[in-house]
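**Q** Following is a predicted model, sequence given first.
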Amino acid sequence: MTELTHPLATVPQDELVARAEADALRPRFHFVSPAGWLNDPNGVSQWNGTYHLFYQYNPEGAFHHRIQWGHATSTDLVTWTDQPVALEPSAGPDAEGCWSGVLVNDGGTPTLVYSGRFEDRELPCVAVGSPDLLNWTKDPANPVIAAPPVGVDVTAYRDHCVWREGTKWRQLVGSASASGAVRRSCTSQRTCGDGTT
């Protein structure tokens, strides 16, 4: 029996999975999580001939709480195999959840850039994966960007878009702010931004 950690989690995870699998109306052709809550797909990619789908996931139920990154794989985009959770909250900058992000290829190293949530704010974090993308190690320097840009009243700071141009990594971070400002950061490292405009 799975420990219940939220007041809305009234059904143990193993029972949620059994109920979901027995549901005659459960989609069979469209990917769905084993049970609980599935939200944004993140880091959708093909790596060494296998498609990987990462997604925001709460195995406890259909509500926001300690969001994890679920993971599924496919060779044909029709038949999906559920994999172990890729990211889950831990002490530190993602203690309240591992939210939206992307998968990038950093010179052959699979790297997730995601939003860690702690004390009601999101900041960019990084995790490096094994060659099969089944095991992930969070960067001990997380969060890799310590704060949103100075001088902007940011109420949300997430939804990363990361790419490489020559020797520089570039990142767009979705945010909500009172001013609606757009900020640009660029760096020679994949993980950090200087907050300049």
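**A** On my side now, so go ahead. Quick caveat, the model's predicted, so the values are computed rather than measured.
**Q** Show me where the chain dips below the pLDDT cut-off.
**A** 1-9, 178-197 (pLDDT under 70).
**Q** Show the residue spans covered by the helices in it.
**A** Ranges of helices within the chain are 13-22, based on DSSP state H.
**Q** which one in it is furthest away from the centre?
**A** Within the chain, Ala24 marks the point farthest from the mean C-alpha position, 29.7 Å out by Cα atoms, centre = their mean.
**Q** Val102 - how many residues pack around it?
**A** By other Cβ atoms under 10 Å, the residues close to Val102 number 19. For the C-beta atoms, the positions are set from N, CA and C on the backbone; glycine is no exception.
**Q** what about the closest residue to Asp120 other than its chain neighbours, how many neighbours?
**A** Once flanking residues are discounted, Asp120 sits nearest to Glu96: 7.5 Å by Cβ to Cβ, 6 or more residues apart in numbering. Per other Cβ under 10 Å, the neighbour tally for Glu96 reads 18.
**Q** any idea how far Glu96 is from Val104?
**A** Using Cβ to Cβ, to the nearest Å, Glu96 is found at 24 Å from Val104.
**Q** buried ones in stretch 149-164?
**A** 149, 152, 154, 157-160, 162 (16 or more other Cβ atoms under 10 Å).
**Q** So in terms of bridging, what pairs with Val154?
**A** Using DSSP bridges, the bridge partners assigned to Val154 are Ser177.
**Q** Hmm, it is touching Val173, no?
**A** No. Here Val154 lies out of contact with Val173, judged by Cβ atoms under 8 Å, at a distance of 9.4 Å.
**Q** one step back: relative to Val162, how far out is the residue nearest to Asp120?
**A** Applying Cβ to Cβ to Glu96 and Val162 gives a distance of 22 Å.
**Q** nearest spatial neighbour of Ser90, skipping sequence neighbours?
**A** Nearest residue to Ser90 in three dimensions, chain neighbours excluded: Lys138, at 7.0 Å (Cβ to Cβ, 6+ apart).
**Q** List the contacts of that neighbour.
**A** By Cβ atoms under 8 Å, 6 or more residues apart in numbering, the contact list for Lys138 reads 87, 90, 94, 125-127.
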